[in-house]
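K.L.:
what would the 3D arrangement of this be:
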Amino acid sequence: MSEGRHAFITGGGSGIGLAAAHALAATGAKLTLAGRNLEKVSAAADEFEFAHAVACDVTDEASVDAAFDAARDRYGAVDILINNAGQAPSAPFKRTTLEFWNKVLATNLTGAFLCTHAALPDMLDRKWGRIVNVGSVCSLRGYAYVSAYVASKHGLLGFTRALAHETAKQGVTVNCVCPGYVDTPIIAESVERIREKTSLSAEEAHASLIQFNPMGRIIAPEEVASAIAYLCTDAAASINGAALPITGGEI
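P.N.:
So this is what the prediction gives:
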């Protein structure tokens, strides 16, 4: 249980972030939902009794620091951090510009660094903390046309493993969930991009995304959220530095 714990969730307005919010709220956690679109995360926060929303651009240090200050003002020290904010654009490597590359890594990797940097002092002071990074099956294997995304998610897993060693004796665990394709707005965007760039129908584009999952289906956000919630409990105190595939057997 996370009764009375304060959870800070980036990308908390939809998809895995919102599902994680519901899973943690069910265990008694108080929530700070963070996102660039304050209206969106505010609407999500309205679904809970103990939750509030903060505007946060995870690529900007000042924005991150301000968001954490607002979170502490509302619910006190942060006990749980879910680094979920991310983006998954695709492009052949020959059309992957430096600007494209830097934008993906800034959100998916540097964003987790900045938020962890802001949250960790609270956890170390209290000698208890849970950090769960939302990686991807792309943390564990490569795919064509998403070199920047794959690099960012591999980097996120490396960051997870390194930090887990640093905090292991201080009551803080750091883990990474690695889902395959999940039913989120990012998937809808991917289907639309495939449809626009190929002769495939929406149904065929959708099928192309799930071909690697032995179960032959898209993963539900709630399936990932339940794993996240478990990793935030006392029962998971010995799970540290782990990469948890949620892929239907692909990995």
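
K.L.:
just the strands in the protein please.
P.N.:
Applying DSSP state E to the chain gives strands spanning 6-10, 30-35, 51-55, 80-83, 129-134, 172-179, 243-246.

K.L.:
pick the most buried one from the ones you listed.
P.N.:
strand 80-83 (a mean of 30; mean count of other CB atoms under 10 Å). All C-beta spots, glycine's among them, are computed from the backbone N, C-alpha and C.

K.L.:
next up, the contacts around the closest residue to V182 other than its chain neighbours.
P.N.:
Of all residues not flanking V182 in the chain, I219 sits nearest, at 4.7 Å (CB to CB, 6 or more residues apart in numbering). Residues counted as contacts of I219 (CB atoms under 8 Å, 6 or more residues apart in numbering) are 179-183, 213, 246-248.

K.L.:
now the residues you listed as a markdown table including distance to V41 and pLDDT?
P.N.:
Compiled in a markdown table, those are given as follows (distance: CB to CB, whole Å; pLDDT from 0 to 100):
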| residue | distance to V41 | pLDDT |
| --- | --- | --- |
| P179 | 21 | 97 |
| G180 | 25 | 94 |
| Y181 | 24 | 91 |
| V182 | 19 | 93 |
| D183 | 20 | 88 |
| N213 | 29 | 90 |
| I246 | 24 | 97 |
| T247 | 28 | 95 |
| G248 | 30 | 93 |
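
K.L.:
mind picking the two most distant members of those residues?
P.N.:
Farthest-apart pair in the contacts of I219 is D183 and T247; separation 14.1 Å (CB to CB).

K.L.:
these two: which is more packed in?
P.N.:
Using other CB atoms under 10 Å as the criterion, D183 and T247 rank with T247 on top: 20 against 17.

K.L.:
contacting residues for N175?
P.N.:
131-133, 160, 164, 231, 236, 239-244.

K.L.:
take the residues you listed and lay them out in TSV including distance to V174 and pLDDT.
P.N.:
Output for the contacts of N175, formatted as TSV (distance: CB to CB, whole Å; pLDDT from 0 to 100):
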residue	distance to V174	pLDDT
I131	4	99
V132	8	99
N133	7	98
T160	5	98
A164	4	98
L231	10	98
A236	12	98
I239	10	98
N240	7	98
G241	7	98
A242	9	98
A243	11	98
L244	12	98
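
K.L.:
just to revisit the earlier point, distance of the residue nearest to V182 relative to Y149?
P.N.:
17 Å (CB to CB, to the nearest Å).

K.L.:
show the pLDDT at the residue nearest to the spatial centre of the chain.
P.N.:
For the chain, N84 is the residue whose C-alpha lies nearest the centre (CA atoms, centre = their mean; 1.8 Å). For N84, the model assigns a pLDDT of 98.

K.L.:
isn't it right next to G11, touching?
P.N.:
Yes - N84 lies in contact with G11 (CB atoms under 8 Å); the separation is 4.2 Å.

K.L.:
between the two, what contacts are shared?
P.N.:
With contacts taken as CB under 8 Å, 6+ apart, N84 and G11 have 17, 134 as neighbours in common.

K.L.:
how does this protein divide into domains?
P.N.:
Each domain of the chain is listed here as a residue range: 6-180+220-239, 184-218, per automatic domain parsing.

K.L.:
rank those domains by pLDDT, which is bottom?
P.N.:
Looking at those, the weakest mean confidence is domain 184-218, a mean of 81.

K.L.:
now do the end-to-end distance for that one.
P.N.:
Domain 184-218 has an end-to-end distance of 10 Å (CA to CA, to the nearest Å).

K.L.:
buried sites along that domain?
P.N.:
Across domain 184-218, burial judged by 16 or more other CB atoms under 10 Å covers 184, 186-187, 190-191, 194-195, 205-206, 210, 212-213, 218.
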